[in-house]
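Here is the input, now give the coordinates:
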Amino acid sequence: MHCVSRGVTSAPGCTDEFSVTGSAIHEFDTVPWLLDSPVTEVSWHAPRATSAVTGLRDPQVMLLRTADGALTTVETFLNAGYAYDVRCEIVAEHGAVALAHPARLVRDADRTRATAHPADWRPRFADAYRLELQAWTDAVAQGGPSPLATAHDGLVATAVAEAVIRSMKDGGRTVPVAVPEV
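Numbers count the residues shown, from 1 in each chain. The predicted structure follows:
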């Protein structure tokens, strides 16, 4: 699985750790759900720091291994500059599947066709948030359990983030993920 999360520019004072806890954390929640296997080990990698951004090595690449041996790359690039761009592709034995780009506008002019990239996350995830809110509302109205992520899912994603930060602090070595029991 390959996950990419790129932004136009990072928030002031952004750090290496924030790239993990504020951006990659979403993939740490999604990967075990999509692959139906928990993340068991991680490693963190980044290029040398540049003069363009202080306190943040950008981009960062994290390698996750799940209990069943599947590998996932997670790229965060908070200062990509060109747009807000989120991608996900799963490559399997007999094919691949990827998220489609939700271009809302195609411009044709001067013998050129172009689509615009959004400046932030809102256009990309507006429908997803509406559907999520509707699923929660339906569960409440029906008196049943919510089909959405749980507090335990958040705890697991946090454990993966903590392991990635340990790898970051230790030069990118592979670190096991310790998920607390509930």
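
What's the first helix or strand after the helix or strand of the chain with the lowest mean pLDDT?
Ranked by mean pLDDT, DSSP states H and E, the weakest helix or strand in the chain is strand 106-109, scoring a mean of 81. In the C-terminal direction, the helix or strand that comes right after strand 106-109 (DSSP states H and E) is strand 112-115.

quick one: strands adjacent to that following strand?
The sheet places strand 112-115 alongside strand 106-109 (antiparallel), with pairing taken from DSSP bridges.

For the least confident helix or strand of the chain, which outside residues touch it?
Under the contact criterion Cβ atoms under 8 Å, 6 or more residues apart in numbering, strand 106-109 has outside partners Arg113, Ala114, Thr115, Ala116. From N, CA and C alone the C-beta is placed, and that goes for glycine too.

same check, this time on stretch 25-33
Identification of contacts with stretch 25-33 by Cβ under 8 Å, 6+ apart yields 1, 3, 5, 38-39, 64, 66, 72, 74, 88, 149, 153-154, 156-158, 160-161, 164.

pull the CA atoms of the lengthiest helix in the chain into PDB?
Determined from DSSP state H, the single longest helix within the chain is helix 122-142. The C-alpha coordinates for helix 122-142 follow below in PDB (Å, rounded to 0.1, in the frame of the first residue of the first chain):
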ATOM      1  CA  ARG A 122     -11.900  20.600   2.700                       C
ATOM      2  CA  PRO A 123     -12.800  19.900  -1.000                       C
ATOM      3  CA  ARG A 124     -11.100  16.500  -0.900                       C
ATOM      4  CA  PHE A 125     -13.000  15.300   2.200                       C
ATOM      5  CA  ALA A 126     -16.200  17.300   2.300                       C
ATOM      6  CA  ASP A 127     -18.300  14.300   1.100                       C
ATOM      7  CA  ALA A 128     -16.500  11.900   3.400                       C
ATOM      8  CA  TYR A 129     -17.300  14.000   6.500                       C
ATOM      9  CA  ARG A 130     -20.900  14.400   5.500                       C
ATOM     10  CA  LEU A 131     -21.300  10.600   5.000                       C
ATOM     11  CA  GLU A 132     -19.500   9.900   8.300                       C
ATOM     12  CA  LEU A 133     -21.800  12.300  10.200                       C
ATOM     13  CA  GLN A 134     -24.800  10.700   8.500                       C
ATOM     14  CA  ALA A 135     -23.600   7.200   9.600                       C
ATOM     15  CA  TRP A 136     -23.200   8.400  13.100                       C
ATOM     16  CA  THR A 137     -26.700  10.100  13.100                       C
ATOM     17  CA  ASP A 138     -28.300   6.900  11.700                       C
ATOM     18  CA  ALA A 139     -26.700   4.800  14.400                       C
ATOM     19  CA  VAL A 140     -27.900   7.100  17.100                       C
ATOM     20  CA  ALA A 141     -31.400   7.200  15.700                       C
ATOM     21  CA  GLN A 142     -31.500   3.400  15.400                       C
END
